[in-house]
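> Okay, predicted coordinates and the sequence, questions at the end:
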Amino acid sequence: MMTETWEPREETLADRNSPRDRKGFVLPTVVFSVAVMSIVVVAAVNTSTDERRASRAIRESTLAIYAAEAGLRQTYGSWPSAAVKALNPGDSLDLGWQTLPGNSMYRSLIHRLDKGGLQEYDVVVQGRRLGLNGGMATLVGVVGGVPLLTHAVYTKTNVSLGGGGLLDSYDSEVAPYVGGAADSNATLWSNGDMDIAKTTVQGDVTAAGTITYGNLAVVTGTSTDTAPSAAPMDINACPGGGYTPAADVPSGPGITYNSATGALSVAAGAVVTLTASQYYFSQVILQGHSTIQVNPAAGTHIEIIISDLLNVSGGSIINLSAAPPRLGFSSCGSPALPSTWSLTGGSSSAFSIYAPNHPVSLSGGGDVWGAVVASTYTAAGGSNLHYDEALARQPSNKLIVQRGTWAQMPGN
């Protein structure tokens, strides 16, 4: 009987490619493919979610900017004048949160930037959307004062200079006035014509009309006529509540004041000393050698508001500080027939005049340190006007939004 024996055979290439040996490869392949597809699906879902979140974040951020911009415009439009006026340099006024339609809010803060002269305020507004995913944005704008006394003389219509007078300039915040060493920044502006005779002007002269030069007229700067008219000066409203109470006006020999009519008259030789920060009269009349005397402290200002007439006839307005920015005379209201404000120069007569709807006349051969805004201006009799450049930095009642100051704060 024969016995069959089995011997191992070497595997061939055909054996390796046999379908029988590939049956165990399908399942791992399917599992791997499913895993890859799952990762792709999860990545797609996460990407879609991230895109939705990004889109929502952009939308909320944009709406927050809209809320802040709306708050900025609202703050400009309803400017809290009285509260802002009370701010000292470095102080801030928080107007609190205000609610807007559409699930939005804004908060405004006004911060005074200047150092005590012409005002400048940062207006910072934060806008936000309510909710956990609400956006937030902060905008800032700048509101600044408009300088009013930038010229030695500014008039609505004509300027007439004669009688051997002088107009020059200095800066009281730099050094006291020194004759013969003054600056040449006594600029004159007329929205009408200008006549200059027997007068020296150390500065530029500009008129919307014509400029006529008479005998001994000297202008050290440029002369420009037929220039475009400047914007008219604002006419101030009169204070509410009536004229200054009689108890706030010093009494004494030669001093007459009627609080019902607002008329103050100072007889020859009498002296009235004013110490409050503001007075409101209908008329101020100084006779003979009478005197109004003020002594404002450093950093303070006395404003005398007049609705009708200022007449200094042979009297004096004595500002013991000798600094024009500390004393001002201003008109208010719009009378049908504005009276002429007439002044004679005198020792230490340092003040500004802002009377855009009143003629102003300076005579008597004296000196006045300050500036004049008037409907017309006439100087005669050798009167001199020394413009104080510090008046251009004096606080102003007129504020404007400074162009180009809208900006978004970083990090919001």
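Right, received. Where do you want to start?
> So for stretch 165-182, what gets flagged as buried?
For stretch 165-182, burial by neighbour count (16 or more other C-beta atoms under 10 Å) applies to 165-172, 177, 182. Using the backbone N, CA and C atoms, a C-beta is placed for each residue, glycine as well.
> next one: stretch 272-286
Quick answer for stretch 272-286 (16+ other C-beta under 10 Å): 272, 274, 279-286.
> And it, end to end?
From its first residue to its last, stretch 272-286 covers 10 Å (C-alpha to C-alpha, to the nearest Å).
> again, but for stretch 264-278
Taking C-alpha to C-alpha, the first and last residues of stretch 264-278 lie 14 Å apart.
> can you give me how far it is from the chain middle?
Relative to its chain's centre, stretch 264-278 lies at 33 Å (C-alpha atoms, centre = their mean, to the nearest Å).
> Same list, the buried residues of stretch 165-182, but as CSV with pLDDT, secondary structure and distance to residue 357 please.
CSV is the format used below for these (pLDDT from 0 to 100; DSSP: H, G, I helix; E, B strand; the rest coil; distance: C-beta to C-beta, whole Å):
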residue, pLDDT, secondary structure, distance to residue 357
165, 92, coil, 24
166, 94, strand, 27
167, 96, strand, 23
168, 97, strand, 27
169, 97, strand, 26
170, 97, strand, 29
171, 97, coil, 29
172, 95, coil, 27
177, 95, coil, 29
182, 95, coil, 30
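> From those, pick the one nearest residue 387.
Nearest to residue 387 among these is residue 169, at 4.2 Å by C-beta to C-beta.
> thought that closest one was touching residue 184?
Yes: look at residue 169 against residue 184 with C-beta atoms under 8 Å: they come within range, at 6.8 Å.
> Overlap in contacts, those two.
202-203 (C-beta atoms under 8 Å, 6 or more residues apart in numbering).
> just checking, residue 73 is part of a strand?
No: read with DSSP: H, G, I helix; E, B strand; the rest coil, residue 73 is helix and lies in no strand.
> neighbours around it, how many?
As a burial measure, residue 73 scores 13 neighbours (other C-beta atoms under 10 Å).
> From residue 130, how far out is it?
For residue 73, the distance to residue 130 equals 21 Å [C-beta to C-beta, to the nearest Å].
> In TSV: the buried residues of stretch 165-182, plus distance to residue 243.
Below are the buried residues of stretch 165-182 laid out as TSV (distance: C-beta to C-beta, whole Å):
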residue	distance to residue 243
165	34
166	37
167	34
168	37
169	35
170	35
171	35
172	31
177	34
182	38
